[in-house]
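> Everything below, folded, please.
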Amino acid sequence: MAGMSLVLLGAADAATLTQWFADLSSHGTVIDPLQERPWGACDGQVRDRFSIRWLIGYEPA
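Now for the predicted structure:
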């Protein structure tokens, strides 16, 4: 990986983070879909239209 990477883990509620993921991926590239992981958390990675890589995730309620 090169360049900038940002992480938003638990930065907002699940609905907001899901919307941010969708917004970032609309003109970008999904690297790893937003999905539930075996340990119970949900996360995913996307590269936005400016080539910034984002890790977005949350713990389900």
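> pLDDT weak spots in the chain?
By pLDDT under 70, the low-scoring segments of the chain are 1-2.
> That one: helices as residue ranges?
Applying DSSP state H to the chain gives helices spanning 14-25.
> longest single strand anywhere in this protein?
Ranked by residue count, the top strand of the chain under DSSP state E comes out as strand 29-36.
> buried sites along that strand?
L34 (16 or more other C-beta atoms under 10 Å). (Each C-beta comes from the backbone N, C-alpha and C, glycine too.)
> now it: how far from the chain's centre is it?
Relative to its parent chain, strand 29-36 has a centroid offset of 7 Å by C-alpha atoms, centre = their mean, to the nearest Å.
> now the angle between helix 14-25 and that strand, please.
Angle of strand 29-36 versus helix 14-25, following axes from the mean of the first three to the mean of the last three C-alpha atoms, to 10 degrees, is 160 degrees.
> Any idea what the residue nearest the centre of the chain is bridged to?
Among the residues of the chain, the one closest to the centroid is I56, at 2.8 Å (C-alpha atoms, centre = their mean). For I56, the beta-bridge partners are L8, G44 (DSSP bridges).
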